[in-house]
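Asks: got a structure for you, letters missing:
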């Protein structure tokens with residue numbers, strides 16, 4: 001593999017990782033605003049995977065901690081697990 005092709009491949013990997021990290025660190029409302037702006041792009045807004053991403057992002061905004069049926073309740077902060085009773 002030529003050094004130029006390696007540099008391009010590494011550059012693409014770095015950019016993709018930066019985009020993914022930025023997406024994960026954005027708040028839910030910022031994600032929705034970004035998706036609304038990207039939906040105006042002619043070929044992007046009509047794609048099925050893009051609409052599914054919008055729906056998943058919107059569905060994640062309404063759920064708080066512990067709202068899932070499989071969520072386990074967090075232990076009380078006032079008691080240390082395994083501590084002797086007072």
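Replies: That came through, no problem. The shown structure was predicted, so the numbers you read here are calculated from the model rather than taken from an experiment.

Asks: who touches the helix or strand hosting residue 17?
Replies: Residue 17 belongs to helix 3-25 when assigned by DSSP states H and E. Contacts with helix 3-25, where a contact means CB atoms under 8 Å, 6 or more residues apart in numbering, come from residue 31. For the C-beta atoms, the positions are set from N, CA and C on the backbone; glycine is no exception.

Asks: same thing with stretch 35-43?
Replies: With CB under 8 Å, 6+ apart, stretch 35-43 has contacts from 44-45, 50, 53-54, 57.

Asks: out of these, which are inside helices?
Replies: Taking DSSP state H, the ones among these that sit in helices are 50, 53-54, 57.

Asks: Could I have the buried ones of those as PyMOL selection syntax?
Replies: Listed next is the PyMOL selection for buried residues among the ones in helices among the contacts of stretch 35-43, using 16 or more other CB atoms under 10 Å:
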select buried, resi 50+54+57
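
Asks: would you list the ones in helices among the contacts of stretch 35-43 in CSV and tack on pLDDT?
Replies: As requested, the ones in helices among the contacts of stretch 35-43 are arranged in CSV below (pLDDT from 0 to 100):
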residue, pLDDT
50, 87
53, 88
54, 88
57, 87
